[in-house]
Structure formats: C-alpha cells, structure tokens
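Participant: Predicted structure and sequence below. I'll ask about it afterward.
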Amino acid sequence: LFVDGVTERHYLERTESASLFGQLTWRAAPGVELAGGLRYTAVDKRGALTRRYSGFVPGALDTPLAFELDESFLDPSAQLQWEVASRWRAFASYARGSKGGGSNGPTAGDTIETYTYGPERSRSVEAGVKGAVERGTLSLVVFDTRYRDLQKSVLDNATGGFVTRNAAAARSRGVELEAAFVPVPTVRTSLSLARLDGRFTNFPGARCPYGVAAEGAGGTCNLRDYPLTSAPEWGAAATAGFDRPITPNLRLIGDLAVLYRSNTWYQPSYHPLERQSAFTKVDLRVGVAAADDAWSATLLVRNATDATTSSLVFETLPFGIDRERDRVHVPDRPRTWTLQVRRTFR
C-alpha cells in the first residue's frame, strides 16, 4: 500500500505574555540567609489553523481549528542557606513552577477536543551541601519534583506526527554528586554522578504499553508507575585535563571526557525497539599552544569509540511496515575528527 497525497496546512498564532518577579533576602543570623520570591505570569494565546488535503493522506482532516487561551500563574519560592563551616554551606529550597498551555500547531489529524493541551504545574524541593576541600570542591544535592498535567510529546500513530498531551501527574526525584580536584597544578579532574527516579504517577487514557492488555475506554491504559521517557536512571561523567609547559615557549594541552547513560525509553509504548541501551562515550582533545596563549593547534575526536546511539526512536507510519521490527532512528553523531588552529592578534 502506497501513500500518495498532499496535505496543506496554514497556521498562525499570536502570543502575549507579561511577568513580574520579586525577591527578598534576609540575613537572619551570622551565616544564615533566608530568601523568598514571588513570580506572577500572564499569558494570552490565540491561534487558527486551516488545512486541506488531496489524494490518500492517512489520518488527515480538512476541518479548520481555532483556539484561545488566557492564563495566569502565581508561583512562590523560598530558600535557606546556612554556612555550617568554613567554606561549607548547606541549603534547602522550595519552588512552584508553571508552564502555559498551547496548541499542537499545524497538525493533520487533531480534532477540537485534542488540539490544545493544558498548563503544566510543578512543585520542587531541593536540599544539599557544597563546599571546598583540599585542592577541590564537593557538592551533594537531593531533589524531588512533582508535576501536575505534565506536558509530554507523544507519537500520533494515525498521522505519524508528534503532538503534545497532558499526563495527569508525574514525579522526578534523585540525587546528584559532583566533585572537582586539581591533584597537581597542571592537571584538573571532575566527576559527576546522578541517580534519577522519574515516573508517571497518574496517566489515564494513554496508549497501552507493549504487551499490556487495554484496561480503559477506547483501548487505553493508565501508565501509573511507568518510567518517564527520555529520563535515564543513571548518568555519570568524568573529565581530566592537562596543561603543562614542554619548552619555555610551548605548552602541551589536552582533555579526556567519558560520558555514561543508562537505558532510556523514548516512547511511552515501552516497546523494546524504542529503547536506547546503556552506552559510554569518550571525547578526546590534544594539542600544543603558545606559552602566552597567542596561538594553539588541537585535534578533537568526538565519540572516539564510535558508539552507535540514537537521540530519538519512534514508530514509522503504520502502513506497509512490520510494526514488530521497523523503527525510525534519529542517529547521534558518529566518531568525528576536527583539527582546530587558533591565532590571537593583539
């Protein structure tokens, strides 16, 4: 079966927004600061879509659509900072956030019921400690963010396009560790490690995950307790760089960076073919530079191990394919070599 048709869509949107923010900081005691903030945002959006098609265009409609959104948000924030020791500070913060609703723009298959999506609200709590140690710094942060009406981009299987829908509720919580050290004056290192637990806490009316029987009206499911898409559970990065003289007028410079990401789901169908497996990537840079930094010549190798990964994976159009095997991949950059020469004129 071949798709042979043309769809023509004209979309126009006008957005007007205004925001007012204020913050007050109070030094409650030596080494202790309290801060409070308040942000007011007003957004007015209006848009219209006309569309028509000829021939065979799966899922396309020829009905016009229009929308108006008039929204306002009041979001408070608070933060406590405490100098617990020399060069060490603990902190805790609370903040509410908002993201306005909108429309799916020049889509082919949306109806008036599915064309717009609502605003997203969040509530974040964060606490941690950061400070300096001998020849370096350390920081440890824990966080918990809860979302209401989370805006998520999902694939419309009827048209093969991506649209935005609201998930009823979700959470993202975890811990982040960062460290930086200079073991010797010519060498610098850093390490970061993150553990993330991101899940939908309520998402009724969603497409059912792979291999799961429908439980709701219209063949849908609730994605409660399923992981958030594009949110790997583990992430880590390590870097090392050096800059040392080799002659009175010449320096040897270089960097090594290693990045790790655990398994990542890209679509809420949770099909095994729509998951990016865990990977590790390595970037290298080595070169020479003038002692006074007037010039440099460096060789950069990105993705030195030539790891094959995708930044996005999704189903192809549901016509003439094997849905158990066929997927579209948006590939990340393969191994690349770059020679950089820099000259500074003074």
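Facilitator: Perfect, I can see it now.
Participant: going forward, measure contacts and count neighbours with C-alpha atoms only.
Facilitator: Will do.
Participant: Now do whichever helix or strand Phe143 is part of: distance to the chain's middle.
Facilitator: Phe143 is part of strand 136-156 when elements are defined by DSSP states H and E. Taking CA atoms, centre = their mean, to the nearest Å, one finds the center of strand 136-156 at 9 Å from the center of the full chain.
Participant: Report the contact partners of Leu300.
Facilitator: For Leu300, the contacting residues are 283-286, 337-340, taking CA atoms under 8 Å, 6 or more residues apart in numbering as the criterion.
Participant: So which bits of the strand holding Phe143 are buried?
Facilitator: By neighbour count with 16 or more other CA atoms under 10 Å, strand 136-156 contains the buried residues 137-156.
Participant: Repeat that for stretch 47-61.
Facilitator: Of all the residues in stretch 47-61, those buried under the rule 16+ other CA under 10 Å are 47-51, 57-58, 60-61.
Participant: how long is that stretch from one end to the other?
Facilitator: This stretch, stretch 47-61, spans 18 Å end to end (CA to CA, to the nearest Å).
Participant: And Ile321, what's its pLDDT?
Facilitator: According to the model's per-residue confidence, Ile321 sits at a pLDDT of 64.
Participant: residue ranges with poor pLDDT in the stretch 51-200 of the chain?
Facilitator: Using pLDDT under 70 as the threshold, the predicted model of the stretch 51-200 of the chain has low-confidence ranges 157-160.
Participant: same thing but at 90, please
Facilitator: Applying pLDDT under 90 to the stretch 51-200 of the chain flags residues 53-61, 86, 107-114, 152-163, 165, 167-168.
Participant: strand partners of whichever strand or helix holds Tyr11, parallel vs antiparallel please.
Facilitator: Tyr11 belongs to strand 5-29 when elements are defined using DSSP H and E. For strand 5-29, the paired strands and their directions (DSSP bridges) read strand 32-55 (antiparallel).
Participant: Is there a neighbour count for Trp265? I'd like the number.
Facilitator: The number of residues packed near Trp265 is 22, by other CA atoms under 10 Å.
Participant: Please apply the same query to the one 10 residues further on.
Facilitator: When neighbours are defined as other CA under 10 Å, Arg275 has 20 of them.
Participant: tell me the contacts of it?
Facilitator: Neighbouring residues of Arg275 by CA under 8 Å, 6+ apart: 263-267, 313.
Participant: Kindly indicate which of the buried residues of stretch 47-61 lies nearest Thr239.
Facilitator: Distances from Thr239 to those, taken as CA to CA, are shortest for Gly47 (47.0 Å).
Participant: The strand holding Phe143: partners in the sheet, and parallel or antiparallel?
Facilitator: Strand 136-156 has the following sheet partners, assigned by DSSP bridges: strand 120-133 (antiparallel), strand 161-184 (antiparallel).
Participant: Reformat those as a markdown table; add distance to Val43.
Facilitator: Output for the strands paired with strand 136-156, formatted as a markdown table (distance: least, CA to CA, whole Å):
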| stretch | distance to Val43 |
| --- | --- |
| strand 120-133 | 13 |
| strand 161-184 | 18 |
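Participant: For Ala240, which of those strands is the nearest?
Facilitator: Shortest separation from Ala240 across the strands paired with strand 136-156 is recorded for strand 161-184, at 9.5 Å, computed as CA to CA.
Participant: Let me know whether Leu38 touches Phe21 as I believe.
Facilitator: Yes. Using CA atoms under 8 Å, Leu38 is in contact with Phe21, at 5.8 Å.
Participant: Of these two, which one has the most company?
Facilitator: In this comparison of Leu38 against Phe21, neighbours counted by other CA under 10 Å, the higher total goes to Leu38 at 16 against 12.
Participant: In contact with that one, which residues are there?
Facilitator: Under the criterion of CA under 8 Å, 6+ apart, the contact list for Leu38 reads 21-23, 74-77.
Participant: likewise Arg51?
Facilitator: Contacts of Arg51 were listed using CA under 8 Å, 6+ apart, and they are 7-10, 61-64, 108.
Participant: Identify the bridge partners of it.
Facilitator: Arg51 has the following beta-bridge partners by DSSP bridges: Arg9.
Participant: same question, Leu284
Facilitator: Leu256, Val301.
Participant: if I read this right, it contacts Thr298, doesn't it?
Facilitator: No. Because the distance of 10.1 Å does not satisfy CA under 8 Å, Leu284 is recorded as not touching Thr298.
Participant: At which residues are the strands of the stretch 151-300 of the chain located?
Facilitator: Counting by DSSP state E, counting those that start in this stretch, the stretch 151-300 of the chain has strands at residues 161-184, 187-202, 206-207, 220-221, 234-247, 250-261, 264-265, 275-276, 279-290, 295-302.
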